[in-house]
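Undergrad: Provided below for reference: sequence and predicted model.
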Amino acid sequence: MFDAAYEDALDQVRRDYDLAALHETLKNWRRQAIAQSDPEAFRLMVRRAAAFFSGEPVPSDEPFAVTRAKAGM
């Protein structure tokens with residue numbers, strides 16, 4: 001995921017001669033890395049987002065990949 005986003009940003013830099021897309025991509029990925037630096041807090045955040053977006057509580061035995069998908073992650 002990161003590699004593809006990074007390559008896309010580099011392609012845009014090459015086309016536009018503007019580093020803005022690269023800076024924005026790195027900023028977004030840095031934000032994700034910080035959010036995931038505490039795994040338990042991240043899981044709780046994802047569960048809360050999934051419950052919010054689905055309008056239903058998240059079952060405790062639900063696979064995390066499913067919960068992430070419900071949260072749009």
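TA: Cool, the structure landed.
Undergrad: from here on, contacts and neighbour counts on C-alpha atoms
TA: Noted.
Undergrad: Before we move on, what's the pLDDT of the closest residue to R43 other than its chain neighbours?
TA: Counting by C-alpha to C-alpha, 6 or more residues apart in numbering, the nearest residue to R43 once its immediate chain neighbours are dropped is F64, at 8.0 Å. pLDDT for F64: 95.
Undergrad: Distance check, F64 against E24.
TA: 27 Å (C-alpha to C-alpha, to the nearest Å).
Undergrad: With E62 instead?
TA: 33 Å.
Undergrad: Also P39?
TA: 24 Å.
Undergrad: try R47
TA: For R47 relative to E24 (C-alpha to C-alpha), the value is 26 Å.
Undergrad: Now the spatially closest residue to A71 that is not a sequence neighbour: phi and psi?
TA: Of all residues not flanking A71 in the chain, A50 sits nearest, at 4.0 Å (C-alpha to C-alpha, 6+ apart). Backbone torsions of A50, given as degrees, to the nearest 10, read phi -60, psi -40.
Undergrad: Quote the end-to-end distance of stretch 59-73.
TA: With C-alpha to C-alpha applied, stretch 59-73 spans 17 Å between its terminal residues.
Undergrad: What residues sit buried inside that stretch?
TA: Neighbour counts over stretch 59-73 (16 or more other C-alpha atoms under 10 Å) mark T67, R68, K70, A71 as buried.
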